[in-house]
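Visitor: Below: sequence and its predicted model.
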Amino acid sequence: MSSQVPATAPARRDGDSPLSPLITRHAPIDRVFHWITALAVLLLMASAFLPIVGFKFSWVPLHWITGLVLTAAVLFHLVRASFFQRLRCILIRVRDFGDASAGRRAAKYTLAQKLMHAAMGTVVLVVTVTGVIMLAKVDTPLWKRDPYLLEASTWGVVYVLHGAAALLILMLTMIHIYFSLLPEKRAYLRAMIGGQMTRDEAAQFHDPNRWSGQRKDDPRENHE
């Protein structure tokens, strides 16, 4: 009789529950960050694009206040990802392309998830940095506007970058929502809401020998 551990079951370790059908994918703090960021992005897009298509409302206060919330969320994520999480787990590597082309299962993040994260992270960072610069042109209770902070040509570059990044965010958000609603991907949506997915759901796309979801310090994650 073989004693080999089933492909969908992680090796037994002290403190683990290897027979549990559920595994943890997202910690509560990461889910809170995700939904705050999602709400901020949706509000920013609404306040930016709805006036263009004819919906008239006082959008400037909503836009800059929400922009500050997004900026705080981005700074929080940069610090947490750099110093409190395994940043290498989300970085795109040559191996990811080989695994995807050969049909091999990924570790915690698939190549598609890494590409989406890289694209969205880049454009959000661009729109955040340019948005913070553009705050100099807005009168608020916290500061007075200074439209002469930059030269006219430099302001033009800032506006172009901000607008282009905003349009890319709109496109990527639509793609993200579409794929999260696909039947075969809904496990990821449930995991982003409740934090967990079943072991069988994870095993469809993730190699349990590289990511088990049982423990934050799972050594299998080191293979990623």
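Guide: It's in.
Visitor: for this protein, what spans make up the helices?
Guide: 28-49, 59-83, 94-102, 111-134, 152-181, 186-194, 199-205 (DSSP state H).
Visitor: The second one to helix 111-134, inter-axis angle?
Guide: Spelled out, it's helix 59-83. Computed by axes from the mean of the first three to the mean of the last three CA atoms, to 10 degrees, the angle separating helix 59-83 from helix 111-134 equals 130 degrees.
Visitor: Kindly reformat the helices of the chain as CSV containing distance to residue 21 and mean neighbour count.
Guide: C-beta here means a position set from N, CA and C on the backbone, and glycine is covered the same way. What follows is these, written out as CSV (distance: least, CB to CB, whole Å; neighbours: other CB atoms under 10 Å):
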stretch, distance to residue 21, mean neighbour count
helix 28-49, 20, 16
helix 59-83, 29, 16
helix 94-102, 26, 13
helix 111-134, 23, 17
helix 152-181, 22, 14
helix 186-194, 12, 16
helix 199-205, 6, 17
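Visitor: so which of those comes closest to residue 142?
Guide: Residue 142 lies closest, by CB to CB, to one member of those: helix 59-83, at 9.1 Å.
Visitor: quick one: average pLDDT of the closest one?
Guide: The average pLDDT within helix 59-83 is 95.
Visitor: Residue 161 contacts residue 130, correct?
Guide: Yes - the pair residue 161 / residue 130 is scored as a contact, 5.0 Å apart, by CB atoms under 8 Å.
Visitor: where does the protein have its least confident helix or strand?
Guide: Every helix and strand of the chain was ranked by mean pLDDT, DSSP states H and E. The lowest is strand 22-24, at a mean of 90.
Visitor: Identify all contacting residues around that one.
Guide: Contact with strand 22-24 is made by 195-199, 202, 212-214, as judged by CB atoms under 8 Å, 6 or more residues apart in numbering.
Visitor: Just put the helices of the chain in TSV and tack on distance to residue 144.
Guide: Below are the helices of the chain laid out as TSV (distance: least, CB to CB, whole Å):
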stretch	distance to residue 144
helix 28-49	22
helix 59-83	14
helix 94-102	48
helix 111-134	15
helix 152-181	17
helix 186-194	40
helix 199-205	52
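Visitor: quick one: which of the ones you listed is nearest residue 140?
Guide: Nearest of the helices of the chain (CB to CB): helix 59-83, 6.5 Å.
Visitor: out of the helices of the chain, which comes closest to residue 141?
Guide: helix 59-83 (9.8 Å).
Visitor: and the closest one, how far from the chain's centre?
Guide: What separates the centre of helix 59-83 from the centre of its chain is 13 Å, taken as CA atoms, centre = their mean, to the nearest Å.
Visitor: So which residues make contact with that helix?
Guide: Contacts of helix 59-83 (CB under 8 Å, 6+ apart): 29-30, 33, 36-37, 40-41, 43-44, 47-48, 50-51, 87, 90, 124-125, 128, 131-132, 135, 138, 140.
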